[in-house]
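**Q** here is a sequence together with a model predicted from it:
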Amino acid sequence: MEIHIGKRVADVSLVSKDGNKVRLTIDGIPYEVDVVMAENGACSILHNGVSYNAELIRGESGKNYTVNTHFLSYGVDIVDTQVKYLRMRRNSEERQDNKIISPMPGKVVKVAVQKGDRLEPGDIVVVIEAMKMQSNYKVSSACTVRDVQVKEGDSVTSNQVLLTLDIITDKED
């Protein structure tokens, strides 16, 4: 998932959790930490023998927090894969691009089209699973599939081209 801390954007992935022991990656760098959460929002994190304490205050949306340490406060926003996908989709709904791009790393669960298929707005072209959640990628304009560059079971990276399209622009009535 994407985490915004002030102006910094970090890509955070949970690798595993066993009790208080958490393995995660931040921008591809692995970390192993021991995390203890108290009911009052207090959080204690132990990493490489150093203890860090913070207070977490959850915002109304449940996806943003104020994090207070002894000397600093941070605004933290969590942008999960669904929100990121919807934001990208909103930005591209007006005009379909000539390619479908994965906004995050994941695994291709289903490719619903083949080269040469004619598509209508709203047609699902590919399904990607990331962090145990599946996202359907759709086209927003009439088009045909020029090329399919992934297959079911493939792992994809952020910003990887999944399909290329030929947009149908004729306005014949």
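**A** Ah, there it is.
**Q** give me the distance between stretch 126-140 and the centre of its chain.
**A** Here stretch 126-140 is found 10 Å from its chain centre; the criterion is C-alpha atoms, centre = their mean, to the nearest Å.
**Q** right, and the helix or strand after whichever strand in the chain runs longest?
**A** When the chain is parsed with DSSP state E, its longest strand is strand 8-18. With elements assigned by DSSP states H and E, the helix or strand that comes after strand 8-18 is strand 21-26.
**Q** buried ones in that following strand, by neighbour count?
**A** Neighbour counts over strand 21-26 (16 or more other C-beta atoms under 10 Å) mark 22, 24 as buried. Yep, even glycine has a C-beta here, placed from its N, CA and C like the rest.
**Q** sheet partners, orientation included, of it?
**A** strand 8-18 (antiparallel), strand 29-37 (antiparallel) (DSSP bridges).
**Q** format those strands as JSON lines; extra columns: mean neighbour count and distance to residue 115.
**A** Below are the strands paired with strand 21-26 laid out as JSON lines (neighbours: other C-beta atoms under 10 Å; distance: least, C-beta to C-beta, whole Å):
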{"stretch": "strand 8-18", "mean neighbour count": "12", "distance to residue 115": "32"}
{"stretch": "strand 29-37", "mean neighbour count": "12", "distance to residue 115": "39"}
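**Q** could you point out which of these sits nearest residue 151?
**A** Proximity to residue 151 (C-beta to C-beta) singles out strand 8-18 among these, at 23.4 Å.
**Q** any idea how far residue 154 is from the closest residue in space to residue 156 that isn't next to it in sequence?
**A** With sequence-adjacent residues excluded and distances taken as C-beta to C-beta, 6 or more residues apart in numbering, residue 156 is closest to residue 102, at 4.6 Å. In this view, residue 102 and residue 154 are 10 Å apart by C-beta to C-beta, to the nearest Å.
**Q** compare the two (neighbour count), which wins?
**A** Neighbours were counted for residue 102 and for residue 154 using other C-beta atoms under 10 Å; residue 102 has more, 22 against 15.
**Q** that one against residue 128, yeah?
**A** Yes. Counting by C-beta atoms under 8 Å, residue 102 does reach residue 128; the two are 6.0 Å apart.
**Q** where along this protein do the helices fall?
**A** Ranges of helices in the chain, per DSSP state H, are 81-92.
**Q** any idea how far residue 36 lies from residue 156?
**A** From residue 36 to residue 156 the distance is 35 Å (C-beta to C-beta).
**Q** if we can go back for a sec, lowest average confidence across the strands paired with strand 21-26, which one?
**A** For these, mean pLDDT drops lowest on strand 8-18, to a mean of 86.
**Q** can I get the CA coordinates of that strand in CSV?
**A** Output in CSV follows, covering the C-alpha atoms of strand 8-18 (Å, rounded to 0.1, in the frame of the first residue of the first chain):
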residue,chain,number,x,y,z
ARG,A,8,7.0,11.7,1.4
VAL,A,9,5.3,8.8,-0.3
ALA,A,10,6.4,5.3,0.8
ASP,A,11,5.4,1.9,-0.7
VAL,A,12,4.7,-0.4,2.3
SER,A,13,4.0,-4.1,2.1
LEU,A,14,3.3,-6.5,5.0
VAL,A,15,5.3,-9.6,4.4
SER,A,16,4.2,-11.6,7.5
LYS,A,17,2.9,-11.2,11.0
ASP,A,18,3.3,-13.6,13.9
